[in-house]
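> only geometry, no sequence info:
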């Protein structure tokens, strides 16, 4: 169900990119009740001038290791679930790929069941 866009500056190894993607998927599975094998991720790398960010916004010191994570998902998760998710993503990316916890920026965009088609031109979740 979630569609995940992962944006980062160029320079990470293939293994690090996979570790980041895996960390996000595992955190969704652990905290947001995302089913097994419900994995749809787009990993995009940008040159130095293609990914801009506030280095000190919200009193967090960001580096060029910042990872932007945008997730489209069906509405219905509680604030507590979302907070647990944000924390778990930061923890797992740090543990697995060395991403500083301050360098995770996550945005959730919620929508309804009628807003998804997984193929065949059908809105599988809609009534």
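Looks like it arrived, so ask away. All figures in this text were calculated on a predicted structure; none of them were measured in a lab.

> which stretches of the chain form helices?
14-31, 79-97 (DSSP state H).

> what residue ranges in the protein score low on pLDDT?
Nowhere does the chain drop to pLDDT under 70.

> would you map the strands across it?
3-9, 41-46, 67-74, 104-111 (DSSP state E).

> can you put those in TSV and add distance to residue 28 and mean neighbour count?
All C-beta spots, glycine's among them, are computed from the backbone N, C-alpha and C. Shown next, in TSV, are the strands of the chain (distance: least, CB to CB, whole Å; neighbours: other CB atoms under 10 Å):
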stretch	distance to residue 28	mean neighbour count
strand 3-9	8	18
strand 41-46	10	14
strand 67-74	8	19
strand 104-111	10	15
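
> ok so, going back, pick the most buried one from the helices of the chain.
helix 14-31 (a mean of 18; mean count of other CB atoms under 10 Å).

> of all the helices of the chain, which lies closest to residue 121?
helix 14-31 (26.2 Å; CB to CB).

> tell me what the closest one is packed against?
strand 3-9, strand 41-46, strand 67-74, helix 79-97 (3 or more CB pairs under 8 Å, 6 or more residues apart in numbering; DSSP states H and E).
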